[in-house]
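J.: please find the sequence and the predicted model below.
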Amino acid sequence: MTAAELRPARAPILDDIVAAQRRRRRWFRGQFIVVWVVLVGIIGVFLWSSGKVSWDFIFQSGPYILQGAGITILVSLVGIVLAIVLALLGALGRLSSNAIAYSLASLYVSLVRGTPLLVQIYFIYFGLAFAGIRLDAIPAGIIALGFNYGAYMTEIFRAGIQAVPRSQLEAAQALGMPERLAFRRIVLPQAVRIVIPAIGNDFVAMIKDSALVSTIAVTELLWRAQRVGRSEHQVLAALTIAAVVYWGLTIIFSFFQERLEKRMARGDR
């Protein structure tokens with residue numbers, strides 16, 4: 001007998017249930033798309049009927065503003081990598097029994113979370129210059145974003161590490177594995193898996209917060225939109241373009257974040 005003949009046949013009622021689930025999913029997706037199209041259309045009609053948005057300006061200056069998306073993505077990507085490194089170090093310090101490491105990590109988290117991001121950007125770009133440390137605009141913006149988000153992500157990493165059962169580390173030590181090696185091979189991979197959703201959310205938030213680095217002349221989306229909008233007296237249209245691009249970037253990266261989360265959750269399922 002062939003493999004197909006040996007395979008048990010599915011009951012007709014099971015096929016009906018699967019078909020009904022597929023229809024519900026298609027109906028839900030259809031409603032979702034219609035609602036989005038209608039709402040976006042209403043916003044577009046409102047902007048067009050207001051008479052304060054020039055579509056000629058949008059088509060002419062849109063590509064110039066869109067070029068700033070590359071700088072926005074660059075600043076955000078490098079910034080989130082720096083934030084992850086700082087967050088991991090901060091979490092280890094917060095979990096350390098060493099008083100100096102714990103104090104430094106706690107001070108870092110408290111200081112950053114207690115001051116606005118814009119103040120930190122100004123301090124790194126302008127304040128350090130008075131101390132003889134001069135940074136270009138893009139590196140200063142990256143450092144400020146990474147420094148700020150690293151403090152918030154420190155608590156995320158700390159919680160992720162503590163969420164791994166202590167018994168796994170104890171079992172590795174019972175087998176003769178050094179504590180540092182056990183942490184690197186057993187605890188850390190599981191902690192990273194736990195904090196991946198939070199990292200994705202922070203990255204999406206960082207994309208939007210990267211607009212603040214325009215205040216130190218980083219030529220990203222908002223800086224370009226403000227420059228061309230003021231020169232052409234089309235501030236509303238320019239800001240609308242920038243808002244749509246930011247929105248599109250968050251949608252794209254949120255999609256990939258969801259795919260990554262589903263892929264990493266297969267083991268749990």
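T.: Nice, thanks for sending it over. Please read all numbers here as calculations on a predicted model, not as lab measurements.

J.: residue boundaries of the helices in the stretch 1-150 of the chain?
T.: Secondary structure of the stretch 1-150 of the chain by DSSP state H, counting those that start in this stretch: the helices cover 3-6, 12-49, 55-66, 68-95, 99-113, 117-122, 128-130, 137-163.

J.: comparing those, which comes out most buried?
T.: When these are scored by mean count of other C-beta atoms under 10 Å, the highest mean neighbour count falls to helix 137-163 (a mean of 22). Bear in mind the C-beta positions are built from the backbone N, C-alpha and C, glycine included.

J.: distance to Thr215 and mean pLDDT for the helices of the stretch 1-150 of the chain - can I get that in a markdown table?
T.: As requested, those are exported to a markdown table (distance: least, C-beta to C-beta, whole Å; pLDDT from 0 to 100):
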| stretch | distance to Thr215 | mean pLDDT |
| --- | --- | --- |
| helix 3-6 | 66 | 51 |
| helix 12-49 | 26 | 76 |
| helix 55-66 | 17 | 85 |
| helix 68-95 | 13 | 93 |
| helix 99-113 | 18 | 93 |
| helix 117-122 | 7 | 94 |
| helix 128-130 | 15 | 88 |
| helix 137-163 | 9 | 93 |
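
J.: format the ones you listed as a markdown table; extra columns: distance to Trp247.
T.: Listed next are the helices of the stretch 1-150 of the chain as a markdown table, based on distance: least, C-beta to C-beta, whole Å:
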| stretch | distance to Trp247 |
| --- | --- |
| helix 3-6 | 49 |
| helix 12-49 | 10 |
| helix 55-66 | 13 |
| helix 68-95 | 12 |
| helix 99-113 | 27 |
| helix 117-122 | 21 |
| helix 128-130 | 33 |
| helix 137-163 | 19 |
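
J.: can you show me the CA trace of stretch 201-213 as CSV?
T.: The C-alpha coordinates for stretch 201-213 follow below in CSV (Å, rounded to 0.1, in the frame of the first residue of the first chain):
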residue,chain,number,x,y,z
ASN,A,201,8.7,47.7,19.9
ASP,A,202,11.6,49.9,21.1
PHE,A,203,13.0,50.0,17.6
VAL,A,204,9.8,51.2,16.1
ALA,A,205,9.6,53.9,18.8
MET,A,206,13.2,54.8,18.1
ILE,A,207,12.4,55.4,14.4
LYS,A,208,9.9,58.1,15.5
ASP,A,209,12.1,59.5,18.2
SER,A,210,14.9,59.8,15.6
ALA,A,211,13.1,62.9,14.4
LEU,A,212,14.5,64.7,17.5
VAL,A,213,18.1,64.5,16.0
